[in-house]
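*Asks:* Structure for the following, please:
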Amino acid sequence: MPRKLLPLFFLLLNSNVLAFEFPIQVTEYIDDVKIDAYINQKDIAEDTQWMAFETPPPLSIQQALAAVQDFIRADNRFSDATLISIELKRIPHHESYWHYVVKARTKLDNEYLPHFFVVLMDGKVISAIKEPDSIK
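*Replies:* As a prediction, this is how the structure comes out:
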């Protein structure tokens, strides 16, 4: 009898492995720099929707910047970070989901290093990366 249940056990085990969802790649441009952020589908599903022109954004610019400050406060590399720009953008292929793209910079040995963040409307901050072929 247990031998008959063995295939069922493996099927159940494999279904949990196959349930893994790959993050959604969001490519944005900010100040002529191409960046990528990887957002979990779960985070988008749990995010606050916003209908532009109907209501104010659920997360203000001030709240988005405070979320980024909280995010970077724990990392000493960002202790002298300064804000360069912030933009409000729609998440591609998700009509009523929006996010902020934040560009900051730090100084290291007379060189400025850019840092990019995506802030979802629920305040979740996701670190983004600059694509290597981007214009400086």
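*Asks:* Over to the residue nearest to Phe78 when sequence neighbours are not counted. Which of the three states is it?
*Replies:* Once flanking residues are discounted, Phe78 sits nearest to Ile72: 3.7 Å by CB to CB, 6 or more residues apart in numbering. Yep, even glycine has a C-beta here, placed from its N, CA and C like the rest. Using DSSP: H, G, I helix; E, B strand; the rest coil, the three-state assignment for Ile72 comes out as helix.
*Asks:* Was I right to think Ile72 contacts Leu83?
*Replies:* No: if you go by CB atoms under 8 Å, Ile72 and Leu83 don't touch, sitting 11.0 Å apart.
*Asks:* Tell me which of these two has more neighbours.
*Replies:* More crowded of Ile72 and Leu83, by other CB atoms under 10 Å: Ile72, with 20 against 12.
*Asks:* distance of Ile61 from Gln49?
*Replies:* Distance of Ile61 to Gln49, computed by CB to CB, to the nearest Å: 18 Å.
*Asks:* Tell me the first helix or strand C-terminal of the host helix or strand of Lys89.
*Replies:* Assigned by DSSP states H and E, Lys89 belongs to strand 82-90. Downstream of strand 82-90, the first helix or strand assigned by DSSP H and E is strand 98-108.
*Asks:* That next one packs against which elements?
*Replies:* Judged by 3 or more CB pairs under 8 Å, 6 or more residues apart in numbering; DSSP states H and E, the packing partners of strand 98-108 are strand 24-30, helix 61-73, strand 82-90, strand 111-120.
*Asks:* quick one on the thing from earlier: any residues in contact with both of Ile72 and Leu83?
*Replies:* Common neighbours of Ile72 and Leu83, using CB atoms under 8 Å, 6 or more residues apart in numbering, are Ala104.
*Asks:* re earlier: could you give the angle of the strand holding Lys89 to strand 111-120?
*Replies:* For strand 82-90 against strand 111-120, the angle by axes from the mean of the first three to the mean of the last three CA atoms, to 10 degrees is 30 degrees.
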